[in-house]
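>>> model this:
(one chain, ligands or ions: 2)
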Amino acid sequence: MSRRPPAILRRLARLPRAREGATLVEFGFIAPMLCLLLVGAFDVGHTLYMQSVVQGAVQNAARQGTLESTSGESSLPRDAIDQAVKNQILPLNRNADIRINRRFYRTFSDAAAAKSEEFTDTASGPYSDGKCNNGEPFVDVNNNGRFDRDGADSADHAGARDNIVYTVTVSYPRMFPLHRFIGGSDTTTITASTILANQPYGDQGQYGAPSNANCGIGMPGFDQPTPEPAP
Ligand SMILES: [Ca+2]
Ligand SMILES: [Ca+2]
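Numbers count the residues shown, from 1 in each chain. Ligands and ions are numbered 1, 2, ... in the order given. Take a look at the predicted model:
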């Protein structure tokens with residue numbers, strides 16, 4: 001008469017043929033990858049949604065900005081437009097940093113080119129840096145007394161028929177911690193811009209002949225647009 005092996009040994013003997021729980025083990029292997037894909041999809045989806053909201057707000061603000069009441073030196077109507085843009089974005093992310101910039105060009109082609117005003121870089125040394133600084137001479141095409149890397153001028157000086165480039169840059173901490181797994185920035189930055197011509201409520205202004213000026217000293221690697229004050 002043979003004795004039955006202990007229960008624990010019988011269970012161990014069945015273990016190589018056991019299939020119970022295999023699905024759970026397999027899910028354990030793929031779960032991290034699945035979670036990563038879901039977080040990535042949420043992050044991309046939220047970014048696309050923010051992009052569409054910001055672009056829509058920019059288009060609406062630019063249309064209002066072409067009216068005569070928003071042109072010239074007065075900034076009050078423009079402040080109201082900017083606040084309307086912020087009011088559309090902030091409910092989606094209270095921590096968003098919103099920067100708004102207006103620049104103007106006489107023509108659409110100038111706006112599309114965004115060509116820098118010409119300057120003469122220092123021949124050698126730290127100020128031979130592709131930036132306008134160290135008192136380097138530049139051609140002030142738009143006669144505003146400043147070096148303009150984008151060839152544009154402040155919208156404060158814009159008038160009828162001028163073309164305004166309206167740009168909104170929104171930065172906010174990532175909604176989903178994707179960067180902790182795949183690296184990259186912990187901040188999402190979205191930029192939206194548009195170009196619209198001011199309404200023809202008057203004649204368009206004209207620039208005079210370009211003048212010559214000099215950039216400030218500043219630091220190597222940075223434009224120093226404001227000319228140094230006379231000693
Ligand atoms: Ca330079
Ligand atoms: Ca200038």
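>>> The spatially closest residue to residue 181 that is not a sequence neighbour: which element?
Sequence neighbours aside, residue 36 is the residue nearest to residue 181 in space, at 5.7 Å (criterion: Cβ to Cβ, 6 or more residues apart in numbering). C-beta here means a position set from N, CA and C on the backbone, and glycine is covered the same way. Per DSSP states H and E: residue 36 is located in helix 22-65.
>>> quick one: average pLDDT of that helix?
Across helix 22-65, the average pLDDT comes to 87.
>>> The lowest-mean-pLDDT helix or strand in the chain: what's the following helix or strand?
Lowest mean confidence among the helices and strands of the chain (mean pLDDT, DSSP states H and E): helix 179-182, at a mean of 75. Next along the chain after helix 179-182, taking DSSP H and E as the criterion, comes strand 187-197.
>>> is the nearest residue to residue 95 once chain neighbours are set aside in a bridge, and if so with what?
Sequence neighbours aside, residue 172 is the residue nearest to residue 95 in space, at 5.4 Å (criterion: Cβ to Cβ, 6+ apart). Taking DSSP bridges, one obtains residue 188 as the residues bridged to residue 172.
>>> which ones are touching residue 172?
Residue 172 makes contacts with 50, 93, 95, 96, 97, 187, 188, as judged by Cβ atoms under 8 Å, 6 or more residues apart in numbering.
>>> mind redoing it with 6 Å?
Applying Cβ atoms under 6 Å, 6 or more residues apart in numbering to residue 172 gives the contacts 93, 95, 96, 188.
>>> Near ligand 1, which residues of this structure? Just list them.
Selection of the chain residues close to ligand 1 by Cβ under 5 Å from the ion yields 121, 122, 127, 129, 131, 133.
>>> rerun that using 8 Å as the cut-off
Neighbours of ligand 1 within the chain, by Cβ under 8 Å from the ion: 119, 121-122, 127-134, 136, 215, 220.
>>> Please tell me how far residue 188 sits from residue 92.
Counting by Cβ to Cβ, to the nearest Å, the separation of residue 188 from residue 92 is 12 Å.
>>> neighbour-wise, which of the two wins?
Relative neighbour count places residue 188 above the other of residue 188 and residue 92, with 22 against 15, counting by other Cβ atoms under 10 Å.
>>> Enumerate every residue touching the more buried one.
By Cβ under 6 Å, 6+ apart, the contact set of residue 188 is 47, 172, 174.
>>> TSV for these, including distance to residue 59?
As requested, those are exported to TSV (distance: Cβ to Cβ, whole Å):
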residue	distance to residue 59
47	19
172	21
174	26
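>>> now, among those residues, which is nearest to ligand 2?
Lowest distance from ligand 2 to the contacts of residue 188 (Cβ to the ion) belongs to residue 172, with 33.1 Å.
>>> which sections of the chain are below the confidence cut-off?
1-2, 67-76, 227-231 (pLDDT under 70).
>>> in this protein, which residue is closest to the centre?
residue 191 (3.3 Å; Cα atoms, centre = their mean).
>>> wait, it sits on residue 169?
Yes - with contacts counted by Cβ atoms under 6 Å, residue 191 reaches residue 169, the gap being 4.8 Å.
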